[in-house]
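Chemist: Any chance you could fold what I've pasted below:
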Amino acid sequence: MEKDSGQKQNRRQMITGVLRYSALGLLGAAGGSVVAKRRRLLREGKCVNGGLCLGCEVFNKCGLPQALSLKEGLAGKNNGRK
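Modeler: The predicted model follows:
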C-alpha cells in the first residue's frame with residue numbers, strides 16, 4: 001500500500017483502512033471491558049478465576065469461603081508433616 005503524496009486514495013484502500021481501524025478499535029474496547037470487569041469483580045470480592053484457587057494470582061489475599069477453606073486444608077497438611 002504505497003502512496004505517493006500526489007496520488008489519491010481509491011475506494012478499496014479507503015474501505016480496507018476503515019475496516020482495519022474499526023477492528024482495532026473493537027479489539028481495544030473488548031480488552032478494556034475485560035480489564036474493567038476483572039477490576040470490578042475484585043473490588044466486589046467475587047471470584048475472578050472460576051473457583052480455581054491454587055492457580056489464582058490473588059489467592060494469598062483472597063477472603064472468599066472457598067479460598068479460606070483451601071488455605072486451612074493446606075495449613076493442616078503442612079503442620080502434620082515433619
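
Chemist: burial of residue 41, as a residue count?
Modeler: A count of nearby residues for residue 41, using other Cβ atoms under 10 Å, gives 13. Yep, even glycine has a C-beta here, placed from its N, CA and C like the rest.

Chemist: Would you mind giving the domain segments of the protein?
Modeler: Under the assignment automatic domain parsing, the domains of the chain span 8-46, 49-82.

Chemist: Using a markdown table, lay out the ones you listed together with mean pLDDT.
Modeler: Formatted as a markdown table, the domains of the chain follow (pLDDT from 0 to 100):
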| stretch | mean pLDDT |
| --- | --- |
| domain 8-46 | 91 |
| domain 49-82 | 76 |
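
Chemist: Which helix runs longest in the protein?
Modeler: helix 11-44 (DSSP state H).

Chemist: heading toward the C-terminus, what's the first helix or strand past it?
Modeler: For helix 11-44, the following helix or strand on the C-terminal side (DSSP states H and E) is helix 65-80.

Chemist: For residue 67, grab the count of nearby residues.
Modeler: A total of 20 residues lie near residue 67 under the criterion other Cβ under 10 Å.

Chemist: quick one: the residue lying closest to it once chain neighbours are set aside from residue 60, how far?
Modeler: Spatial nearest neighbour of residue 67, excluding adjacent residues (Cβ to Cβ, 6 or more residues apart in numbering): residue 53 at 5.0 Å. Distance check for residue 53 against residue 60: by Cβ to Cβ, to the nearest Å, it reads 10 Å.

Chemist: Those two - which one has more neighbours?
Modeler: More crowded of residue 53 and residue 60, by other Cβ under 10 Å: residue 53, with 19 against 8.

Chemist: I'm done for today, thanks for sticking with me.
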